[in-house]
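Asks: quick one: sequence and predicted model below, then my questions.
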Amino acid sequence: MLKTYKKRPWTKQHDKKYIWLYNYMKEKDNTLDKDNYIKLNKRNIGSQIENNKDWSDGSKENLLFMIGRWLYNNGFKKDGEYYSNKGKQYSKKIADNTEENKLDEKEEQNFREHQYFIDLINNIDESKINNQSDDQKYLLLNLLVKQPPVRTSFYNTAKFITKLKDNDNKNNFIHIDRRGKTKATIIINKDKASNYKEYNLNKDLSKIKIIEDDLATLLYNSLTKYPRTYLFEYNNKSISENTLLKWLRSMTKIDKVNINMMRSSYITHYYENNPSYRLKNKLSKQMRHSVNTASKNYNKVLNTENKPTSELLTNAKSEISKLQIQLYECSNNLIKNDNVITKKNKYDVLYNINVRKSKPSERIIKKYDLKYNEENKTYF
């Protein structure tokens, strides 16, 4: 008989991760039993998680902790502690990288500097945008690049209003003001920061001005051309977070980019050009967090050693941006061709090495058969 001991709390978040992992594993083995798939695979389930190149360290950390909790609560105390310790190893790795402001594994492949997105917008021909879906995708990209990005929950819940009295102080809104020059304001009444003391006590912080006139005009024109209730909607309903991510990835040509990476890219660029605490604090209010959170979790210290002059670097980044977009489109057209996908991955790796000056590991050098050009000090 198993010795009884106090079980640890099991929450809805644990349930979500339990089902997520089950669905993933069922794709490989459709005979799995949902109720005991962890028990039957407890010897190798950890390696399946750790060897998954598509999952970030954060995802692996959460899944390992979930497995540890499930095993512990179901009588496998020793195994449960083993997986919990595995999760702690990832927690430490993430904390160390965070304190060093390093990119994590997922960001290494998908993080782009702010200039990439500026170039992307500049290369889009607005005259060819002729349907509501494309109009909204273009609007989303502009909101994430020309304005300090807020959290995902705003973009898929906000409604348009043209009168401030329609702000119910409960939901999220975009207020369009047509008196004189077109102005727009983000109104956030409900998000992660709503319960933070600073934002809860000072309701003025819920209103965030759209800082660029052309973005305010773009919002107004979008609403005029395609009248709707929500900032982003499909079939008269607000879009889901998954749809929002699909739109973002299709516009940026980056397979795994997310809103947090867009926030990080914006902050990293802003901090490079605005080093004072006063300006950093101002930005934190626009993004609804603290300077400490932005500095620790979002700002990335990119390797700038031996960077070329500012003008040459800007030109080089612009050319790289165009080539990345072209390569992405080629890989989409030939998605079944593994060689094309490999080339795209190799290009992303070369971008990180030659532009960001990250040091390639021996594994990466061998995997992509990289060569070093002594004359211009670059890999190819």
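Replies: Okay, I see it.
Asks: any low-confidence regions in the protein?
Replies: Counting by pLDDT under 70, the chain shows low-confidence ranges at 1-4, 98-101, 301, 303-344, 347, 355-356.
Asks: domains of it?
Replies: Split into domains by automatic domain parsing, the chain comes to 12-99, 107-298, 303-379.
Asks: measure the longest one end to end?
Replies: Chord length of domain 107-298, first to last residue, is 11 Å (CA to CA, to the nearest Å).
Asks: which parts of the stretch 251-380 of the chain are strands?
Replies: Counting by DSSP state E, counting those that start in this stretch, the stretch 251-380 of the chain has strands at residues 372-373, 378-379.
Asks: nearest to Asn74, of these?
Replies: Closest to Asn74 of those, according to CB to CB: strand 378-379, at 49.0 Å. In short, each C-beta sits where N, CA and C put it, glycine included.
Asks: tell me the strands beside that closest one, with direction?
Replies: Strand 378-379 pairs in its sheet with strand 372-373 (antiparallel), by DSSP bridges.
Asks: and the strand it pairs with, how far out from the chain middle?
Replies: 33 Å (CA atoms, centre = their mean, to the nearest Å).
Asks: which other residues reach it?
Replies: Outside strand 372-373, the residues within contact range by CB atoms under 8 Å, 6 or more residues apart in numbering are 378-380.
Asks: change it to 10 Å
Replies: Residues outside strand 372-373 that contact it (CB atoms under 10 Å, 6 or more residues apart in numbering) are 353-354, 360, 365, 378-380.
Asks: can you list these in JSON lines and add neighbour count and distance to Pro149?
Replies: As requested, these are exported to JSON lines (neighbours: other CB atoms under 10 Å; distance: CB to CB, whole Å):
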{"residue": "Ile353", "neighbour count": "21", "distance to Pro149": "27"}
{"residue": "Asn354", "neighbour count": "17", "distance to Pro149": "27"}
{"residue": "Pro360", "neighbour count": "17", "distance to Pro149": "30"}
{"residue": "Ile365", "neighbour count": "15", "distance to Pro149": "35"}
{"residue": "Thr378", "neighbour count": "13", "distance to Pro149": "32"}
{"residue": "Tyr379", "neighbour count": "15", "distance to Pro149": "32"}
{"residue": "Phe380", "neighbour count": "11", "distance to Pro149": "34"}
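Asks: just give me the closest of those to Lys7.
Replies: Pro360 (46.0 Å).
Asks: so the closest one sits right up against Tyr351, yeah?
Replies: No: counting by CB atoms under 10 Å, Pro360 does not reach Tyr351; the two are 11.8 Å apart.
Asks: which ones are touching the most centrally placed residue in the chain?
Replies: In the chain, the centroid-proximal residue (CA atoms, centre = their mean) is Asn258; its distance is 2.3 Å. Shown in contact with Asn258 (CB under 10 Å, 6+ apart): 56, 106-107, 110, 152, 241, 244-245, 248-249, 264.
Asks: how does it look with 6 Å?
Replies: Asn258 makes contact with no residue under the criterion CB atoms under 6 Å, 6 or more residues apart in numbering.
Asks: how close does it sit to Trp247?
Replies: Distance of Asn258 to Trp247, computed by CB to CB, to the nearest Å: 12 Å.
Asks: go on, Tyr24?
Replies: 24 Å.
Asks: which residues touch Asp104?
Replies: Applying CB under 6 Å, 6+ apart, the residues near Asp104 are 57, 97.
Asks: hey, where'd the helices end up in the stretch 201-350 of the chain?
Replies: 213-225, 241-252, 259-273, 277-287, 291-293, 310-333, 338-354 (DSSP state H, counting those that start in this stretch).
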